[in-house]
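Peer 1: return atomic coordinates for the entry below.
(chains A, B, C and D)
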Amino acid sequence: MRNNHSPAQPGEYKLIELLAVAGAREIQDGEVVFAGTGLPMLAVTLAQKTSAPRASIIYEAGSMDGRPAHLPSSVGDARCEYRASVSSGLLDVFGQLQRGVVDLAFLGGAEIDKYGNVNTTVIGGDYYNPAVRLTGSGGNPDINSLAKRTVFIMVQEKRRFKEQVDYVTSPGWRVKKWPGGEWVTRQEAFGSVFRGGPVAVITSMAVFRFDEETGEMYLDTVHPGVTVEDVKNNVGFDLDVSRCRGETSPPTYHELHLLRNVIDPEGLFLGS
Amino acid sequence: MRNNHSPAQPGEYKLIELLAVAGAREIQDGEVVFAGTGLPMLAVTLAQKTSAPRASIIYEAGSMDGRPAHLPSSVGDARCEYRASVSSGLLDVFGQLQRGVVDLAFLGGAEIDKYGNVNTTVIGGDYYNPAVRLTGSGGNPDINSLAKRTVFIMVQEKRRFKEQVDYVTSPGWRVKKWPGGEWVTRQEAFGSVFRGGPVAVITSMAVFRFDEETGEMYLDTVHPGVTVEDVKNNVGFDLDVSRCRGETSPPTYHELHLLRNVIDPEGLFLGS
Amino acid sequence: MAKNKRKSIKEAVQLINDGDMITFSGFTIWRRPMAIVYEMVRQRKKNLHLIEVNSGTHGEILIGAGCVKVLETCWIGHELYGKVGANAARKLKSGELIVEDYSHVHMIMRFAAGAMGVPYLPTRASLGTDILNPEYDALGKHGLRDGSNPRIPRRKFEFLTDPFFGEQGDIIHVPAARPNVCIAHVQQVGEEGTVRVYGQRYSDAEAIKAADKVIVVAEEIVPEEVIRQDPTANLIPHYLVDAIVEQPWGAHPTGCFGYYEVDGKFIRDFYSKTKTQEGFDAWAEEWILKVNSFDEYLYKIGFRRLDLLRANSSYKYSTRVKRGA
Amino acid sequence: MAKNKRKSIKEAVQLINDGDMITFSGFTIWRRPMAIVYEMVRQRKKNLHLIEVNSGTHGEILIGAGCVKVLETCWIGHELYGKVGANAARKLKSGELIVEDYSHVHMIMRFAAGAMGVPYLPTRASLGTDILNPEYDALGKHGLRDGSNPRIPRRKFEFLTDPFFGEQGDIIHVPAARPNVCIAHVQQVGEEGTVRVYGQRYSDAEAIKAADKVIVVAEEIVPEEVIRQDPTANLIPHYLVDAIVEQPWGAHPTGCFGYYEVDGKFIRDFYSKTKTQEGFDAWAEEWILKVNSFDEYLYKIGFRRLDLLRANSSYKYSTRVKRGA
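Peer 2: You can find the predicted model right below:
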């Protein structure tokens, strides 16, 4: 009988399951995590049930360290506050975020650039007459700018990994300082409230991290079955692949069991 | 049998009962009243049981429109929140105050000057080495400065009614504009948030009001048994008595019954 | 004791004027005052200025129906059931709608400022983003920051530094939100207007307190003496509420903690129709204009569907509705 | 799940350092952490900087015992049971204590700023008062605003005007309160640290969130799974709490909603003794230094008195204790 904690083989898991597992591994036990809707929820919930049982999750609609019996469909969902430590509202949780309570942010994005600037607002055309108008920022830039570390989970496509995003919704390692608009480092922009920034981007093909000096994205691991060349072909800027450590660790059978049978048996995010 | 609503005679009521009744008569039905501890509580509660049943009371510790079954001994008392509309905390009630919700403030003071500036901080000597150090402001200046009208209830003594108070704890009709310290009208100091100011001072001897033009205090009514001369002798500045309307209306038997048997049967503020 | 605040949905909507600045209770697709929103479309409200911490299905309906001129918010979409606000996107591109982008923290602080009666609040959220880019000041670009509308601030942001602790880095001041009207859907309201919200309170307290006029729709109007038995559980004192309306299921298709689930299927269908104006118009004809009242709308949805959405009394959400793909 | 935060009173007080900036739960003579305050006197804490929305009997004890160097607050007294803070007044005049006056709104906004992680908040309360007089800046006068203590702001206030709505009149910025430690007495805390407060919450949330270290004393430590059955009734999430202590009656002689009444007679007696330093010293000898623990103190007060103070379960306060003159 195969060991539950041994890695599953390609074909035995879905991409989204790999992403959830890769996300879960970014969480240290005891951390306070601020997570968005969707994959971040899978990742954090999985971590709580494996390596980080004492991690607490804040959702931006106002729940703190809920222990959902059923997977929430969004952060406003009644399921988020089941057995929570506190359930209140936005002013409370965003106040805590600004106060410096949050260790790790888990967020998504439509576009990203080599400095980790993320766009969820407008793509193409002009700001006032865009080719595509997206949802707007939500809490993405707030959570990313005030947590100690941020992990983005995204779809990998060349058009989404750009030299420069069309609109900086959420700040990376090099940003513009307003109202002047001069390019500065994230540390310079945030001054006293600089606490860190994006540490990883987990995509459908790979895991990326950022150089501590230059703030530029580099390839850390490729997902099983994906080549470094594949990744390069799906990135719109010159990507440093010299530090690639090899393959992203696949899910274990135990993790797959948890995801499929315990965390998302309804197939809300995993699909059917 | 005497009519319950006929006025009681001197000797049939205590001074404090007269003050509570005079206070109650300042309240219009339906108003939102922000009241301090002590006599203001008697006044507001009496008004709710007579002419202003729809008046709501906010106490600064965080209760809104409580309907106490027993008289509270202070604004933090559990009795304040009995059958309240909301019980929360300071940020909520002071936020509402600043937002402009409060029609009438009911406050006390140790010293007052002819412009209605009130002192509850230091008397005599220097600010840093005073003859008497009092409690400090509490919410007095906040409530007085952000309500639409303020009524002060105080003891009348010459040393308490001064040309100029030793320290302006709570602002009257002429105040200093800081940080420069130039004397300005209350309207000038408050600008856009000017909503009104002190309208009456009810003391152990009389009721005073303020001239709309000059902001100076004048005598409105004297309590039964007190002469205009008595009042002048107990005021430390030149008092306008030309507009005195006569006597303060005494309590009715019904009001005395409510105060003694319904509102403060324990003698908390009325004494035994 | 208090004057009678009870209104019908029609009467409540008559309190809203064309051109008003409006905000709402709830969060994305949770606890939105849909019964009022449908009636606003029926009464053909015009030139509304929506100011919201975040928007959702209710905003998309008002925008699709042409009731809205300005949308100030951090987000519009339908969560899992529709990834963008398609009506807003279309009308932004056609020039019919002005969208002003702020972040989530900016918006909640704007409402907190409005609720506390100050003209702004400071924050350090979202530095380094294009939200702060002065060229992306939509109200300014459209000439609306000239002070002629006292509810529209003359600047989108101000940048300052800290004189107290010697901290480096910018502080942003965000202007207060000062809506004419807040329309809230809650679980319970007392006969005098005391508001009780169960579950997450989102930004309801700030939205209600920031507004000059407050309309509260509740699943249930309850005796004031009962709701006052636990005043710490209440959110808003009666004297801040102008009108109360009882409308069970009044937040459908959005969800209501303890009462019913989000109707994801209904919202997904709505979203799919909003990809064209014609699609939206047909949807609005069917679900809003051809039904005369919210009760008729509920009848059209049907008992079977509504009962599946009904919350389990322990979990506070439905355990019977199918949510997955 | 969480690490064990349970401490004895002695251990909890060892978390407080000489020179720390300290704040407390409660309001004047309600829900003050007296068991901890008595132990602070026994452990002879020194040079404390108290920063409080308002102070009360607990502050008077620490000041009388010489533990306090600075008091920043809007008020100190004992409500009906003692009209001023006599120890504070005496030590202010002798130069042993620095008192910095702010108003009630200023102080709550200072704590709200600390809780929200911003260096200041704006307000319009108390314009035209000597609180704003630059000559009455006690910390400045004593040379403490030189930036050497990062928790003491470099100015007492800042004066600005509104650039957004064209409003006239000054806006005051008040600096954030950033205490090292908050000591809170509450009714219930979960085993992991989740805090529940019954009745008015005063400024507890802001005081706790503004502080770097949080000590919570509760009437009862309760199972975390029970306190989490109604998370909307909880005030503070467990991860903000560092130490928890169970101490029934731990707020005596101040009151605790739902548990017991203010012991007015005890406070009145205390106040009468504080009119001289000798009087206070004798009181402290009898009630603090000669008793080794809070349990011994309760024994000295006696069951008969405590039981009279015990709250009626419906009213949430005692209906049996005599309160009047």
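
Peer 1: look up the closest residue to C:Q168, ignoring the ones flanking it.
Peer 2: A:G191 (3.4 Å; CB to CB, 6 or more residues apart in numbering or on different chains). From N, CA and C alone the C-beta is placed, and that goes for glycine too.

Peer 1: check contacts around residue 73.
Peer 2: Here I'm looking at chain A. A:37, A:79, A:268, C:79-80, C:262, C:264, C:323 (CB atoms under 8 Å, 6 or more residues apart in numbering or on different chains).

Peer 1: not quite, I wanted chain C
Peer 2: Taking CB under 8 Å, 6+ apart as the test, what C:T73 contacts is A:136, C:50-55, C:59, C:99-102, C:107.

Peer 1: which phi and psi does it have?
Peer 2: Main-chain torsions, C:T73, degrees, to the nearest 10: phi -170, psi 180.

Peer 1: can you tell me the SS state at A:A43?
Peer 2: helix (DSSP: H, G, I helix; E, B strand; the rest coil).

Peer 1: could you find the closest non-adjacent residue to it?
Peer 2: Closest to A:A43 by CB to CB, 6+ apart is A:G23, at 2.8 Å.

Peer 1: for A:S204, same thing?
Peer 2: Distance criterion CB to CB, 6+ apart; nearest residue to A:S204, sequence neighbours excluded, is A:Q156 at 4.6 Å.

Peer 1: from what I see, the one you found and A:V201 are in contact.
Peer 2: No. Between A:Q156 and A:V201 there is no contact under CB atoms under 8 Å: 9.0 Å.

Peer 1: would you map the helices across chain A?
Peer 2: Here chain A has its helices, by DSSP state H, at A:15-24, A:39-49, A:90-99, A:140-146, A:186-190, A:228-233, A:253-257.

Peer 1: minimum distance to B:V102: which of those has it?
Peer 2: helix A:90-99 (22.2 Å; CB to CB).

Peer 1: does any part of stretch C:94-108 sit near chain A?
Peer 2: Yes. Applying CB under 8 Å from any CB of the partner chain, one finds stretch C:94-108 touching chain A at C:95, C:99, C:101-106, C:108.

Peer 1: where's C:P237 relative to B:G30, distance?
Peer 2: Counting by CB to CB, to the nearest Å, the gap from C:P237 to B:G30 is 14 Å.

Peer 1: cool, A:G191 as well?
Peer 2: Counting by CB to CB - A:G191 and B:G30 are separated by 50 Å.

Peer 1: write out the residues of the stretch 201-325 of chain C neighbouring chain A.
Peer 2: C:201-206, C:255, C:257-258, C:262, C:264, C:311, C:315-317, C:319, C:322-325.

Peer 1: out of these, who's near chain B?
Peer 2: C:A205.

Peer 1: by neighbour count, which of the contacts of A:S73 wins?
Peer 2: C:V262 (32 neighbours; other CB atoms under 10 Å in any protein chain shown).

Peer 1: correct me, but that one touches C:H252?
Peer 2: No. Counting by CB under 8 Å, C:H252 is not a contact partner of C:V262; they are 9.1 Å apart.

Peer 1: who has more neighbours out of C:P237 and B:G30?
Peer 2: C:P237 (27 against 15).

Peer 1: okay, that one: pLDDT?
Peer 2: Looking at C:P237, its pLDDT is 98.

Peer 1: which residues does it contact?
Peer 2: Here C:P237 is in contact with B:56, B:64-65, B:85-86, C:193-194 (CB under 8 Å, 6+ apart).

Peer 1: among those, which one sits closest to B:A105?
Peer 2: B:S56 (13.3 Å).

Peer 1: could I get the contacts of A:S73 as TSV with pLDDT and distance to D:G169?
Peer 2: Listed next are these as TSV, based on pLDDT from 0 to 100; distance: CB to CB, whole Å:
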residue	pLDDT	distance to D:G169
A:T37	85	43
A:R79	96	47
A:L268	91	53
C:E79	95	43
C:L80	92	48
C:V262	97	46
C:G264	95	50
C:R323	84	53
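
Peer 1: between those, which is nearest chain D?
Peer 2: Nearest to chain D among the contacts of A:S73 is A:R79, at 12.5 Å by CB to the nearest CB.

Peer 1: residues contacting the residue nearest to the closest one when sequence neighbours are not counted?
Peer 2: Leaving aside its chain neighbours, A:R79 sits nearest to A:P72 (4.0 Å; criterion: CB to CB, 6+ apart). By CB under 8 Å, 6+ apart, the contact list for A:P72 reads A:37, A:41, A:59, A:79-80.

Peer 1: again, but for A:F190
Peer 2: Neighbour list for A:F190: A:145, C:124, C:127-128, C:169 [criterion: CB under 8 Å, 6+ apart].

Peer 1: same check, this time on A:Y115
Peer 2: Here A:Y115 is in contact with A:172-175, A:210, A:215-217 (CB under 8 Å, 6+ apart).

Peer 1: who does A:K177 bridge with?
Peer 2: For A:K177, the beta-bridge partners are A:E182 (DSSP bridges).

Peer 1: residues contacting the residue of the stretch 151-272 of chain A found nearest chain D?
Peer 2: Of all residues in the stretch 151-272 of chain A, A:V193 sits closest to chain D, at 7.6 Å by CB to the nearest CB. By CB under 8 Å, 6+ apart, the contact set of A:V193 is A:98, A:100, A:146, C:124, C:127, C:167, C:169, D:117.

Peer 1: just the endpoints, please. Distance across stretch C:128-138?
Peer 2: Its first and final residues considered, stretch C:128-138 spans 18 Å by CA to CA, to the nearest Å.

Peer 1: right, I mislabeled it, should have said stretch C:285-303
Peer 2: Start-to-end span of stretch C:285-303 (CA to CA) is 22 Å.

Peer 1: now do the buried residues in that stretch.
Peer 2: Of all the residues in stretch C:285-303, those buried under the rule 16 or more other CB atoms under 10 Å in any protein chain shown are C:287-288, C:291, C:293-294, C:297-298, C:301.

Peer 1: could those residues go into CSV alongside pLDDT and distance to A:K49?
Peer 2: As requested, those are exported to CSV (pLDDT from 0 to 100; distance: CB to CB, whole Å):
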residue, pLDDT, distance to A:K49
C:W287, 98, 41
C:I288, 98, 44
C:V291, 96, 46
C:S293, 96, 47
C:F294, 98, 42
C:Y297, 98, 41
C:L298, 98, 40
C:I301, 98, 37
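
Peer 1: among these, which lie within strands?
Peer 2: Among these, no member falls in strands (criterion: DSSP state E).

Peer 1: what about C:K316, distance to A:S87?
Peer 2: 10 Å.

Peer 1: which of these two has more neighbours?
Peer 2: A direct count of neighbours by other CB under 10 Å for C:K316 and A:S87 places A:S87 higher, at 30 against 18.

Peer 1: quick one: residues contacting the more buried one.
Peer 2: Counting by CB under 8 Å, 6+ apart, A:S87 touches A:62-64, A:66, A:80-81, C:199-200, D:231-232, D:234.
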